[in-house]
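A.B. asks: here is my input, please return the structure:
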Amino acid sequence: MVAYYRDEKAARALPALVPTHSQHVDEGYRIVAPDATLTAVVAHVQWLDNHPGGPDTHVMISFEDGANVEFPFDVPLTAVWHDERRAIPSADLAAAAPATWGTPAGRWK
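C.D. replies: Model (predicted):
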């Protein structure tokens, strides 16, 4: 099991679906994708300071399955802790699916 340096008890005290923005996604969470499924676990989040749009404008989210997705800042997303044990109804996942998504940026593995 991977350690995400997060208080598991505190993570379980949060709602199962946690609203966030692209630049505030944390490692150890999964994100609700546009098709109302959960992504692989977020392994790393990197702000792209040398982005053509300027610093503090874009973020690269890397997932444990090796996928990378580049998001502009302030894209509303919904996160779920990787070890969430509460059942999340499919209707809730569908309602949490984002209207916009980032750009796939290739694999890092």
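A.B. asks: so the spatially most central residue of the chain versus residue 77, what's the distance?
C.D. replies: Among the residues of the chain, the one closest to the centroid is residue 31, at 3.9 Å (CA atoms, centre = their mean). Going from residue 31 to residue 77 by CB to CB, to the nearest Å gives 5 Å. From N, CA and C alone the C-beta is placed, and that goes for glycine too.
A.B. asks: now this structure, which segments are flagged as low pLDDT?
C.D. replies: Where the chain drops to pLDDT under 70, the residues are 1-6, 107-109.
A.B. asks: and the helices in it?
C.D. replies: Remark: helices assigned in the chain by DSSP state H are 8-13, 90-96.
A.B. asks: so how far is the first one off the chain centroid?
C.D. replies: Centroid displacement of helix 8-13 relative to its chain, using CA atoms, centre = their mean, to the nearest Å, is 17 Å.
A.B. asks: and if you look at the longest one?
C.D. replies: Mean C-alpha position of helix 90-96 versus that of the full chain (CA atoms, centre = their mean) differs by 16 Å.
A.B. asks: tell me which residues of it are tucked away?
C.D. replies: Residues of helix 90-96 classed as buried by neighbour count (16 or more other CB atoms under 10 Å): 93, 96.
A.B. asks: apart from its chain neighbours, what residue comes closest to the residue nearest to the centre of the chain?
C.D. replies: residue 39 (4.7 Å; CB to CB, 6 or more residues apart in numbering).
A.B. asks: burial of that neighbour, as a residue count?
C.D. replies: Residues within reach of residue 39, counting by other CB atoms under 10 Å, total 19.
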